[in-house]
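Trainee: The following block contains a protein sequence and its predicted model.
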Amino acid sequence: MDIRLTVYNTLTRTKEAFNPANPPFVGMYVCGPTVYGEAHLGHARPAITFDLVFRYLQHLGYRVRYVRNVTDVGHLENDADEGEDKIAKKARIEQTEPMEIAQRYTNSYRETMRMLNVLPPSIEPLASGHIPEQIEYVQRIFDAGFAYETNGSVYFDVETYSRRYPYGILSGRKTDELQGSNRQLDGQDEKRSPFDFALWKKAAPEHIMRWKSPWSDGFPGWHMECSAMGNKYLGETFDIHGGGMDLLFPHHEAEIAQAVAATGKQPVRYWLHNNMITINGQKMGKSLGNFITLTEFFTGNHPSLQQAYDPMVIRFFILQAHYRSTLDFTNEALQAAGKGLKRLLEGYQTLKSLKPNGKATFDAIELESLCHEAMSDDFNSSMAIAHLFDGLRYINQVKDGITTIDHDTLAKLQELYHTFLFTILGLAEPATDNKGVLDAVIQALIHIRNEARKNKDFATSDRLRDELAAAGIVLKDLKEGTVWVME
RNA sequence: GGUCUCGUGGCCGAGUGGCUAGGCAGCGGUCUGCAAAACCGCGUACAGCGGUUCGAAUCCGCUCGAGACCUCCA
């Protein structure tokens, strides 16, 4: 396959040809969840976006090591100095052990992602399991002269760093601007400069999550885990780092500074960032309190939801937009996505049942390259899906006997749709229980109904159809006979 | 206040210097006993005002509007 993949690199703000450092291997790191609450729709976006990237890179023949961390320590509630550890706070509220909270929401996150058909990453490291690596990393920065200790806490010295290296290259920020705009927060005394950030924090006596270090009993700063674990599993420089746009600053900026300070090298070759999901035009976020958890979507159990939504509908909804665009959630948009997905998947079932019946009037090879071009243009799943809908029209025309298809075209289309729908887009094939007992039962009812129709006993035929419809089984009278689908 | 992004037809959402995005909804038609599904046809969409150009919704400037980041956040 000769399709050049281009990706939008946040670092350069341009689309670049994707050339991994050591092909066919690709190292990819994505910021995972902080496990102190249920995953919401916003969490689905990076997970699905980078699942798509993971799947497509593999489809192109790359051997991808995909690392997605679980943050089970170290993220603070307000600011780095005075805040309380999120997980510890939740544990205190729920009167339980912090690690129990972390475990519960890690389990929940994994289960939710599984339902969304998000592939597990190659490595899913826990921050709490990599404390020695983080301490060592802090030490390297310290030894290189870019950190200082105050009262047992270690801070990154942005000013010293920026004299030697540009700080703010990812987010486009300048330190003097940061200075001007910085809000005065309490308890900044330990820092020499307000935009310095914590590499290691000394734990207060009541703080439960704590580890021994050369500086104090404490815990790592909130940007440290990604630097340490990325370095451990992918090396000092790796190919792709992904995450939500809201992590661009300060998190990813700090990661760059930490890595450059420790190793002298840029840690990442391509920075990829997904955009936000909005609700009523506003970002869906914990702090705004306007989030809807994925479980609530799956059950429909939320005042803003008109119905339950299948996980695949959520996935399709997200894939129908490009990952760098904001995506606005509404019930109408989700319902529209659901209907579109249904049409697409039914079209695939139709495609599987077609038989060659003449000359092909459609270029399947052309469709395939259009789909590949779309995906290779910075993972434009929206465009690829549009092409699949275009091909669908031809498939249905063949079904309706309006046009014809030959053996090769049919085989190509079947392979193409299977690959794109399931392998690349990661949509799940609908349950095929219509081969089982249920199918036999419904076939029997269809026979009775068609007898009735032949006898013009429409009262009986309509009653059968209506009662099946009430049970969620819809009959469709096609030229070739009657088929049924589950609603 | 600083940095940045965006403004596309009823809704969602691609794309782009000249060639139909697509989905949902709607209207008309084919098919059907009637439906459903499918198929065919239909909307003269690119916030506003200038400028560049043979040609701009696409490039530039301004205006208006929306949002993100600057604080934990996917």
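Mentor: Sure thing, it's come through. Numbers count the residues shown, from 1 in each chain, chains lettered A, B, ... in the order given.

Trainee: alpha carbons only for contacts and neighbour counts from here, please
Mentor: Will do.

Trainee: Report pLDDT for the residue in the stretch 1-150 of chain A positioned nearest to RNA strand B.
Mentor: Residue nearest to RNA strand B within the stretch 1-150 of chain A (CA to the nearest atom of the strand): A:Gly42, separated by 3.3 Å. For A:Gly42, the model assigns a pLDDT of 93.

Trainee: who's in contact with it?
Mentor: A:Gly42 makes contact with A:276-277, A:284-285, A:291, according to CA atoms under 8 Å, 6 or more residues apart in numbering.

Trainee: again, 7 Å this time
Mentor: Contact partners of A:Gly42, counting by CA atoms under 7 Å, 6 or more residues apart in numbering, are A:276-277, A:284.

Trainee: gap between A:Gln266 and A:Glu368?
Mentor: 37 Å (CA to CA, to the nearest Å).

Trainee: go on, A:Met245?
Mentor: Noted for A:Met245: a distance of 31 Å to A:Glu368, by CA to CA.

Trainee: Show me the strands in the stretch 101-250 of chain A, by range?
Mentor: With DSSP state E, counting those that start in this stretch as the criterion, the stretch 101-250 of chain A has strands at A:147-150, A:153-156, A:197-202, A:218-220, A:238-244.

Trainee: Domains in chain A, by residue range?
Mentor: A:7-274, A:279-424, A:433-486 (automatic domain parsing).

Trainee: Tell me which stretches of the stretch 151-300 of chain A form helices.
Mentor: Ranges of helices in the stretch 151-300 of chain A, per DSSP state H, counting those that start in this stretch, are A:158-164, A:175-181, A:224-234, A:253-263, A:294-299.

Trainee: Tell me the gap between the first one and the middle of its chain.
Mentor: For helix A:158-164, the gap between its own C-alpha mean and the chain's C-alpha mean amounts to 34 Å (CA atoms, centre = their mean, to the nearest Å).

Trainee: buried stuff in that helix?
Mentor: Residues A:158-159, A:161 are the ones in helix A:158-164 that count as buried (16 or more other CA atoms under 10 Å).

Trainee: Report the lowest-confidence entry in these.
Mentor: A:Glu159 (89).

Trainee: From A:Gln134, how far off is that one?
Mentor: The gap separating A:Glu159 from A:Gln134 is 22 Å, by CA to CA.

Trainee: same check, this time on A:His372
Mentor: 40 Å.

Trainee: same thing with A:Ser382?
Mentor: 39 Å.

Trainee: more crowded one of these two?
Mentor: Neighbours per residue, other CA atoms under 10 Å: of A:Ser382 and A:Gln134, the larger number sits with A:Gln134, 26 against 18.

Trainee: tell me the contacts of the nearest residue to that one once chain neighbours are set aside?
Mentor: Excluding its sequence neighbours, the residue lying closest to A:Gln134 (CA to CA, 6 or more residues apart in numbering) is A:Ala228, at 5.4 Å. By CA under 7 Å, 6+ apart, the contact set of A:Ala228 is A:133-134, A:137.

Trainee: any idea how far RNA strand B is from A:Asp390?
Mentor: 6 Å (CA to the nearest atom of the strand, to the nearest Å).

Trainee: Quick check: bridge partners of whichever residue of the stretch 151-300 of chain A sits closest to RNA strand B?
Mentor: Nearest to RNA strand B in the stretch 151-300 of chain A, going by CA to the nearest atom of the strand, is A:Gly244, at a distance of 3.0 Å. Counting by DSSP bridges, A:Gly244 is bridged to A:Asn274.

Trainee: Isn't it up against A:Ile277?
Mentor: No. With contact defined as CA atoms under 7 Å, A:Gly244 does not count as touching A:Ile277 (10.2 Å).

Trainee: Indicate each strand paired with the helix or strand containing A:Asp328 and its parallel or antiparallel sense.
Mentor: Counting by DSSP states H and E, the element that carries A:Asp328 is strand A:327-329. Within its sheet, strand A:327-329 is paired with strand A:277-279 (parallel), according to DSSP bridges.

Trainee: Quick one: distance of the strand it pairs with to the chain centre.
Mentor: Centroid displacement of strand A:277-279 relative to its chain, using CA atoms, centre = their mean, is 15 Å.

Trainee: Next: stretch A:369-377.
Mentor: A distance of 20 Å separates the centroid of the chain from that of stretch A:369-377, by CA atoms, centre = their mean.

Trainee: Make a markdown table from the buried residues of helix A:158-164 and add distance to A:Met209 to it.
Mentor: Formatted as a markdown table, the buried residues of helix A:158-164 follow (distance: CA to CA, whole Å):
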| residue | distance to A:Met209 |
| --- | --- |
| A:Val158 | 27 |
| A:Glu159 | 30 |
| A:Tyr161 | 30 |
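
Trainee: what's A:Leu288 in contact with, if anything?
Mentor: So A:Leu288 contacts nothing (CA under 7 Å, 6+ apart).

Trainee: Surely A:Glu487 and A:Ala469 touch.
Mentor: No. Contact status for A:Glu487 versus A:Ala469: not in contact, 8.5 Å apart, counting by CA under 7 Å.

Trainee: Those two - which one has more neighbours?
Mentor: A:Ala469 (16 against 10).

Trainee: Find the residue closest to that one in space, skipping its chain neighbours.
Mentor: Once flanking residues are discounted, A:Ala469 sits nearest to A:Leu475: 7.7 Å by CA to CA, 6+ apart.
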